[in-house]
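J.: Sequence unavailable; structure follows:
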């Protein structure tokens, strides 16, 4: 049995999908944070970039969050079924075939200061924790 199947045996572990356009900053941070909290997470974009933004990986590393397996993924290349929650980062993602459970409306940190990336990561961390609390309390 692989790790993902073992994770799904635990009813307190969420399976999360984070979506955005580029899949280089916010959704990657959300994926890494959710995984660091013990959940099954993946992120993808409608038009993914070539690599994860260096400032996104920098703030994750500063916080001790593993980001070694992060890479931009296309929604077309992943299995989008079976997720407990699908969350948009708030970048106007249009996915008519994908039921978005939450839209976080986060400002894109691309091109902004490292401090803004830290703020974005803090915000995402709190939103991930809140989504998990809501799901486990339901």
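T.: Arrived safely, thanks for sending. Everything quoted here is computed from the prediction, not taken from an experiment.
J.: Quick one: low-confidence residue ranges for the protein.
T.: Applying pLDDT under 70 to the chain flags the ranges 1-11, 91-96, 138.
J.: Tell me where this protein has helices.
T.: Assigned by DSSP state H, the chain shows helices spanning 3-9, 26-36, 54-62, 114-137.
J.: Deepest-packed of those, please.
T.: helix 26-36 (a mean of 27; mean count of other Cβ atoms under 10 Å). Using the backbone N, CA and C atoms, a C-beta is placed for each residue, glycine as well.
J.: angle of that helix against helix 54-62?
T.: For helix 26-36 against helix 54-62, the angle by axes from the mean of the first three to the mean of the last three Cα atoms, to 10 degrees is 20 degrees.
J.: Report the angle between helix 26-36 and helix 114-137.
T.: Compare the direction of helix 26-36 with that of helix 114-137 by the same axes, to 10 degrees and you get 50 degrees.
J.: Redo the helices of the chain as a markdown table? Include distance to residue 100.
T.: Listed next are those as a markdown table, based on distance: least, Cβ to Cβ, whole Å:
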| stretch | distance to residue 100 |
| --- | --- |
| helix 3-9 | 22 |
| helix 26-36 | 13 |
| helix 54-62 | 22 |
| helix 114-137 | 13 |
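J.: among those, which is nearest residue 79?
T.: Nearest to residue 79, of all the helices of the chain, is helix 3-9, at 10.7 Å by Cβ to Cβ.
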